[in-house]
Every structure is written in C-alpha cells, then in structure tokens.
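Peer 1: this is a predicted model, with the sequence first.
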Amino acid sequence: MTTLNQAHCEACRADAPQVSDEELPVLLKQIPDWNIEVRDGVMQLEKVFLFKNFRFALAFTNSMGAISEAEGHHPGLLTEWGKVTVTWWSHSIKGLHRNDFIMAARTDEVAKDAEGRK
Ligand SMILES: C[C@H](O)[C@H](O)[C@H]1CNC2=NC(N)=NC(=O)C2=N1
C-alpha cells in the first residue's frame, strides 16, 4: 500500500467523493497528531507547528506554499510569531477528500525538515 506521504493528489472536482465514515478512522490513524475541526459544518484537519521565531515560521509557510502549488491543493495557513496553524479541507466538496490526508502527511514531512522547530 502506498503510504499517504508518498501519494499525490488527484484533481478535486465538485463531484469528488468525501472520505466515508469507514475510511475516516483508517486515514486518521496515519496522521495521528492532526485534529478534526468542524467550521460552518465543514470538517477540516488542523495542526499547529511551533517555531523559534517569526522568520522560521514564515519559511515553513513558504515551503507549504511550494508543495501546495506543486500538488494543486491548498491549505489554510495562519502564520504568527513562532507558530503556524495548517488547516486542510477541500473547498470544492466542502469537506474532507483523501487529498487532504495526503497533504497533511506531506505537511508532517516538510515540518520534519523545517529549520527552527520548537
Ligand atoms: C481550480 C483549482 O484546481 C481548484 O480550485 C483547487 C485549487 N486548490 C484547492 N485546494 C483545496 N484545499 N481545495 C480545493 O477544492 C482546491 N481546489
């Protein structure tokens, strides 16, 4: 089985399937540090990454921008002093697609190599 962090996103069309109730716990197990948030009825994956200062937080944010552009799938990114909150959901289907789990796993990979983690 291809692990999530080695997988690539597929184009997320408006008729793409949301992750099913059966798939959800299986996928969550592969990204155990991510939280589920529900905003305006939309399920999202969220995780906070801590850094030693704003510069490192901004560098991580830019790395996230680069992988997001490469995959054509884009997160919410809140960059603060020493902190970046990353949120994944699929706008096109107003919910969670497998792409969001792939990108959450990829985010963890980027964070592993990021400078200035706290
Ligand atoms: C046209 C373009 O491919 C789409 O709008 C993409 C861009 N990035 C996206 N990112 C996310 N997170 N969800 C989407 O539905 C989405 N759609």
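Peer 2: That came in fine, so what should we check first?
Peer 1: next, the buried residues of the helix or strand where Glu46 lies.
Peer 2: Assigned by DSSP states H and E, Glu46 falls within strand 42-50. Of the residues in strand 42-50, those with enough neighbours to count as buried (16 or more other CB atoms under 10 Å) are Met43, Gln44, Leu45, Glu46, Lys47, Phe49. For every residue, glycine as well, the C-beta is placed using N, CA and C.
Peer 1: of the residues you listed, closest to Gln18?
Peer 2: Nearest to Gln18 out of the buried residues of strand 42-50 is Met43 (CB to CB; 8.2 Å).
Peer 1: who does the closest one bridge with?
Peer 2: With DSSP bridges as the criterion, Met43 is bridged to Val38.
Peer 1: what mean pLDDT does the helix or strand hosting Ala66 get?
Peer 2: For Ala66, the element it lies in under DSSP H and E is helix 54-71. For helix 54-71, the mean pLDDT works out to 98.
Peer 1: so what's Asn35 closest to, chain neighbours aside?
Peer 2: Glu46 (5.1 Å; CB to CB, 6 or more residues apart in numbering).
Peer 1: for the one you found, what are its contacts?
Peer 2: Trp34, Asn35, Ile36, Glu37, Thr85, Val86, Thr87, Trp88 (CB atoms under 8 Å, 6 or more residues apart in numbering).
Peer 1: what of Thr87?
Peer 2: Residues near Thr87 by CB under 8 Å, 6+ apart: Glu37, Gln44, Leu45, Glu46, Pro75, Gly76, Leu77, Leu78.
Peer 1: what's around whatever residue of the chain ends up closest to the ligand, how many residues?
Peer 2: Residue nearest to the ligand within the chain (CB to the nearest ligand atom): Ser92, separated by 3.4 Å. Neighbour count for Ser92, taken as other CB atoms under 10 Å: 15.
Peer 1: give me every residue in the chain lying close to the ligand.
Peer 2: Residues of the chain lying close to the ligand (CB under 6 Å from any ligand atom) are Cys12, Gly72, His73, His74, Ser90, His91, Ser92.
Peer 1: nice, that's everything, thank you.
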